[in-house]
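*Asks:* Here's my sequence, what's the structure:
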Amino acid sequence: MPAPAANKRVKNRRVSRNIIIGSEAFILPPLGDPARPKGIPDDHTKRWTVYVRQPEGDPSLTTWLNKVQFKIFNTYENPLRTCENPPFEVTETGWGGFTIDVRLHFQPASGEKAQYRQHFLQLEKYGDEKQQARQEAEGCVRSEYLEVVQFNEPTEALFDALTTDDQWNYLAGPRAGGKKAAVAALGPNGRPRRGFPGGERSAQLPDKGGDEVPFSKEQEQALIQMLQEKMGVVEKELEDETKKREATEKKLKGLREELGHEAAQQAAQQASGDRSRRR
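*Replies:* Below you'll find the model as predicted:
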């Protein structure tokens, strides 16, 4: 079987991938504190990290992402930072927030141009009182958002990479429960069994659900049944409303006919009276 072409496109197909772009900031020990790292400028009050990560349980970023460039403030030494391998992140210290340019470079087989994103480096607490209290308790100011990267009509090589099971292999790490649990979670092919936490992701759902298996055919069927019941209620209400409308229209038609006959009689009587007075 020939290898997928690096430039031939898969028509009428679109594949999306989610990424998290965010930052975390921590308060540095004050000047004179023995715990304060050496070599940090006196006016720097925060240690921060800006990053590009995959959402928990999503396929590996490296399937399609080749490298990430972060353009930080130009007062830093070497403000254009390039990360060619995970983790895609940059850590520095500072005293104030600023906007960071993020450039996503895709795998060469994708044939896609780099895409730009932006992220504001949030160093101070933000949000409502509850959010700020949580940030105070954790000692961390975290600011992140979910971004969607779409590949419209991807190359054959990229499409194959985005649909292979291997992109979830990184999830098959150590599991709680020891060797017995790890063996139970593996399928006959040695890969993680579908439906297990950290196992293969697939359109094929497991038959039964559970605490560690949030989606299953059983739950899917229960959801379908609930939707069918709700649709039945809506259809019954729609049928009742249709009957009420038809009854109202029938009554309205009768009133129009009745009022129209009386109006004609009144007009005829008025015309007859006018002719009598003229004579």
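*Asks:* For the helix or strand residue 219 falls within, give the mean pLDDT please.
*Replies:* Element membership of residue 219, judged by DSSP states H and E, is helix 217-278. Per-residue pLDDT values over helix 217-278 give a mean of 76.
*Asks:* next one: it to chain centre, how far?
*Replies:* Relative to the chain's own centre, helix 217-278 is displaced by 45 Å; criterion: CA atoms, centre = their mean, to the nearest Å.
*Asks:* Flag the shaky bits of this structure, pLDDT-wise.
*Replies:* Judged by pLDDT under 70, the chain has its weakly predicted residues at 1-6, 173-216, 261-279.
*Asks:* where do the helices sit along it?
*Replies:* Residue ranges of the helices in the chain, as given by DSSP state H, are 129-138, 156-163, 178-184, 217-278.
*Asks:* show me the contacts for the residue nearest to residue 48 when sequence neighbours are not counted.
*Replies:* Excluding its sequence neighbours, the residue lying closest to residue 48 (CB to CB, 6 or more residues apart in numbering) is residue 25, at 4.3 Å. No exception for glycine: its C-beta is placed from N, CA and C like everyone else's. Neighbouring residues of residue 25 by CB atoms under 8 Å, 6 or more residues apart in numbering: 46-49, 121-123, 140-142.
*Asks:* same thing but 10 Å
*Replies:* Contacts of residue 25 were listed using CB atoms under 10 Å, 6 or more residues apart in numbering, and they are 45-50, 93-94, 97, 121-125, 135, 139-143.
*Asks:* what's the answer for residue 143, then?
*Replies:* 21-25, 50, 97, 119-123, 126-127, 135.
*Asks:* Strands - which of those residues land there?
*Replies:* Using DSSP state E, the members of the contacts of residue 143 that fall in strands are 21-25, 50, 119-120.
*Asks:* Look up how far residue 37 lies from the most centrally placed residue in the chain.
*Replies:* The structure's the chain has its C-alpha centroid closest to residue 146; by CA atoms, centre = their mean the separation is 6.1 Å. Distance, residue 146 to residue 37, using CB to CB, to the nearest Å: 32 Å.
*Asks:* Likewise for residue 24?
*Replies:* When residue 24 is compared with residue 37 (using CB to CB), they lie 17 Å apart.
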